[in-house]
Structure formats: structure tokens, C-alpha cells
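Novice: Need a 3D model of the sequence below.
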Amino acid sequence: MILTGKEYTSDEARDYFKELGLSYEKIYEADIWNLLAFISGELANIDKTTDTLPMKIVIKSVKIDADCDGLKSAFFEVSGPYFDRREGISFNRDGYIGFAGWASTNNLQPFIRGFMHWCKATAEEVAD
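Specialist: Numbering: from 1, shown residues only. All right, here's what the predicted structure looks like:
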């Protein structure tokens with residue numbers, strides 16, 4: 001899959017994660033911090049794009065449970081001008097990855113784009 005300007009769904013992002021051979025066992029705490037950097041970059045560009053509504057969203061809290069056997073779970077919350085502490089991306093213990101369930105299709109895109117770029121970079125790093 002080549003990342004283009006099209007809108008992606010949460011299911012496509014989860015499929016991309018699997019397609020690249022990623023799994024919780026290959027993800028560590030540092031990888032989640034890298035994901036947050038990718039997401040932060042996308043969120044910083046919200047006002048510069050035409051495909052998302054202009055709003056300032058900031059990462060508010062981060063909880064990561066990982067050890068030498070990989071990721072167990074991770075959650076980060078975001079806040080914006082009219083909401084506080086809503087799901088950004090969640091890696092649940094059962095393997096389900098959630099994406100900003102509160103967001104419209106347009107406002108979901110920075111999370112999806114950041115996640116998919118992170119998947120590509122992480123998969124390349126894991127392969128080395």
C-alpha cells in the first residue's frame with residue numbers, strides 16, 4: 001500500500017500494520033514514543049491542510065505497558081478546543097488497535113496518517 005492523499009479508514013490502518021508484519025511482540029516503549037512524534041507532526045499540520053477541520057489538538061496523557069517481550073498495551077489521549085482527554089490511539093491488551101473513536105472522518109486522518117507512516121518506518125527498522 002502506498003500512502004497517498006486519500007482518506008484511510010481505521011480498518012485499513014490495522015490491516016497495514018499486519019501487512020507489514022508488525023505485532024505487539026515487535027513493538028517496544030521507544031516505538032510508542034516514536035509513534036507519538038509521527039502523530040504530533042500530523043496534528044501540527046492540521047491547520048495547513050484542506051482535508052481536516054482547523055483545530056488545535058494536543059497529546060494530553062500517555063500510558064505504556066511494555067517489557068522485554070514487547071508491547072502489552074498503550075493508550076494516549078488528546079485534548080482540543082471543545083473536548084478533553086479523548087482517545088488518540090489505543091493498543092488494547094486483546095490486540096485491538098483503536099483510533100480516535102470520537103473523531104469525524106476528516107479529523108481522524110492525522111491519527112491514521114501518522115500511524116501508517118510510523119508503521120512503515122517501524123517495519124523497516126525491525127527488518128534491519
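Novice: per-residue pLDDT, the residue sitting nearest the centre point of the chain?
Specialist: Centroid-nearest residue in the chain, with Cα atoms, centre = their mean: residue 115, separated by 3.7 Å. Looking at residue 115, its pLDDT reads 97.
Novice: hang on, it packs against residue 98?
Specialist: No - in this structure residue 115 lies outside contact range of residue 98 using Cβ atoms under 8 Å: 10.9 Å. From N, CA and C alone the C-beta is placed, and that goes for glycine too.
Novice: just checking, residue 73 touches residue 93?
Specialist: Yes - here residue 73 lies in contact with residue 93, judged by Cβ under 8 Å, at a distance of 4.8 Å.
Novice: higher neighbour count, the two?
Specialist: residue 73 (15 against 10; other Cβ atoms under 10 Å).
Novice: what are the ranges of the strands in the protein?
Specialist: Along the chain, counting by DSSP state E, strands occupy 58-67, 70-80, 83-91, 97-99.
Novice: Tell me which residues are up against stretch 73-80.
Specialist: 32, 36, 39, 43, 55-66, 85-93, 100 (Cβ atoms under 8 Å, 6 or more residues apart in numbering).
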